[in-house]
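>>> Quick one, what's the 3D model for this:
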Amino acid sequence: MPAPFHVWNWYAGWGLLLVAFVTGAGLGLFFDRDNFLGGYASFRRRLVRLGHIALAALGMLNLLFALSPWPEPSHWQTTPASISWIIGAVAMPASCFLTT
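Residues are numbered from 1 along each chain as shown. All right, here's what the predicted structure looks like:
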């Protein structure tokens, strides 16, 4: 019997948290510059910060989803919800980073 599909949310959650730490460290190297991405209040810089925070927050939500109890692994709602969490967790930060 295959593993429940929301196990992938576990891997996606930890992967997103790792990417959040890496992007945070990378962005932190340049945030002390006054004109980095147009200044502190610029739209570009705000979206980059939002994308970084979205990676961490949605990664944690994916982990919580993976740990949530399910009636059975083959429950009919498990797969669409699991896929939606992963797609949303990747699409939201990607759209923030690509907007800049």
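>>> helix/strand/coil for Pro69?
coil (DSSP: H, G, I helix; E, B strand; the rest coil).
>>> From Trp85, how far off is it?
To Trp85, Pro69 is 16 Å away according to CB to CB, to the nearest Å. The way it works is simple: take the backbone N, C-alpha and C, and place the C-beta from them, glycine included.
>>> ok, these two, which is more surrounded?
Applying other CB atoms under 10 Å to Pro69 and Trp85 shows that Trp85 carries more neighbours, namely 21 against 4.
>>> Now for the more buried one: which residues touch it?
Trp85 sits next to 9, 12, 58, 61-62, 65 when contact means CB atoms under 8 Å, 6 or more residues apart in numbering.
>>> now swap in Leu67 and tell me
When contacts are counted by CB under 8 Å, 6+ apart, Leu67 is found next to Trp10.
>>> Could you measure from it over to Ala54?
Distance from Leu67 to Ala54, by CB to CB: 20 Å.
>>> Mind listing what's buried along stretch 40-53?
Across stretch 40-53, burial judged by 16 or more other CB atoms under 10 Å covers 45, 47-52.
>>> residues of stretch 50-67 that come out buried?
The neighbour-count check on stretch 50-67 (16+ other CB under 10 Å) flags 50-52, 54-59, 61-63, 65-66 as buried.
>>> got it, and stretch 89-100?
Those would be 89-90, 92-93, 96-97, for stretch 89-100 by 16+ other CB under 10 Å.
>>> Perfect, I'm done here.
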